[in-house]
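>>> Sequence below, structure please.
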Amino acid sequence: MKVVAFFGSPRIDGNTDLLLREALKPAREAGYEIIEFNLNGMNIKPCQDCGGCSKTGICVVNDAMKDIYEAIRTGDRFIVASPIFFYSVSAQTKLMIDRCQAFWCEKYLLKKDILPGERGRKGLLLVAAGMKKDDAVRCADTVTRIFFRTISVPTHEMVSALGADAKGDVLTHPTALRDAYEAGKRLLV
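Numbers count the residues shown, from 1 in each chain. Here you go, the predicted model:
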C-alpha cells in the first residue's frame, strides 16, 4: 500500500505537522510506503487556467507538480494536512489542489477515472484551527472533498483540532493526537 501525504503548513513542528506525524504512525508501523510532500518548500506555480490540460488531462506547466501527479496516480491512501487560514486550507494546500485541474479535465471532460487498484482509494483530512467553532473547518472539508473526488478518492474522514493556534497546542488538546492516530489506522483498512 502506498500512502501519499500532503503537508500544507509553513510551520514545521507545528500543530498540523504533529497531527500528520500521528496519522502516519500506523502506516509506518505496518511498513507501508509513504510519500510525503512538504508543499511549502516546493516550486509549484499557480494554475494558469490556460486550457492546456483540457484536451489531454495533462498539465503543461513543468514544475514540482509532476512528482505529485505521479504519486496521485499510483497512491492508495491520501492525507491532506493543513492549518485553517480564513476558514479554508492554507494557500500552499490550495495551490496544489488548484493544479489538479488536470485531473478534473481528465475525469469530467475526457471521461477517464484514475483506476482504484486492488485496495481502493481513501482519504483523510487533518486540520488545525485556532478557532473553537467547527464552522472554521467546513469550508476546508468542502474544498478537500472536491479535490478527493476529482482524484478518484470516493471517501474521506476529517480530524480537526479546534482551538489549536499556538505552536504545540495539539500536545495539550484533549483528543487531537489520539484522533489523528486512530484515523490513520482506519485509513489503512
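>>> Give the other helices and strands that whichever helix or strand Leu126 is part of contacts.
Assigned by DSSP states H and E, Leu126 belongs to strand 122-129. Judged by 3 or more CB pairs under 8 Å, 6 or more residues apart in numbering; DSSP states H and E, strand 122-129 is in contact with helix 15-30, strand 77-83, helix 135-150, strand 155-162, helix 176-187. For the C-beta atoms, the positions are set from N, CA and C on the backbone; glycine is no exception.
>>> The shortest one to strand 155-162, inter-axis angle?
Between strand 77-83 and strand 155-162, the angle formed by their directions is 20 degrees, by axes from the mean of the first three to the mean of the last three CA atoms, to 10 degrees.
>>> Give the partner strands of strand 77-83 in its sheet and their orientations.
Strand 77-83 has these partner strands in its sheet, going by DSSP bridges: strand 2-7 (parallel), strand 122-129 (parallel).
>>> quick revisit: so for the strand holding Leu126, mean pLDDT?
Across strand 122-129, the average pLDDT comes to 98.
>>> Using neighbour counts, pick out the buried residues of that strand.
122-129 (16 or more other CB atoms under 10 Å).
>>> which of the helices and strands packed on strand 122-129 is buried the deepest?
Of the helices and strands packed on strand 122-129, the one with the most neighbours on average (mean count of other CB atoms under 10 Å) is strand 77-83, at a mean of 27.
>>> Run the chain-centre distance for it.
3 Å (CA atoms, centre = their mean, to the nearest Å).
>>> show me the contacts for the spatially most central residue of the chain.
Central residue of the chain (CA atoms, centre = their mean): Val80, 1.9 Å from the mean position. Going by CB atoms under 8 Å, 6 or more residues apart in numbering, Val80 touches 6, 8, 89, 93, 123-126, 144, 147-148.
>>> picking that back up, adding distance to Glu106, write the helices and strands packed on strand 122-129 out as JSON lines.
Converted to JSON lines, these look like this (distance: least, CB to CB, whole Å):
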{"stretch": "helix 15-30", "distance to Glu106": "27"}
{"stretch": "strand 77-83", "distance to Glu106": "17"}
{"stretch": "helix 135-150", "distance to Glu106": "9"}
{"stretch": "strand 155-162", "distance to Glu106": "20"}
{"stretch": "helix 176-187", "distance to Glu106": "24"}
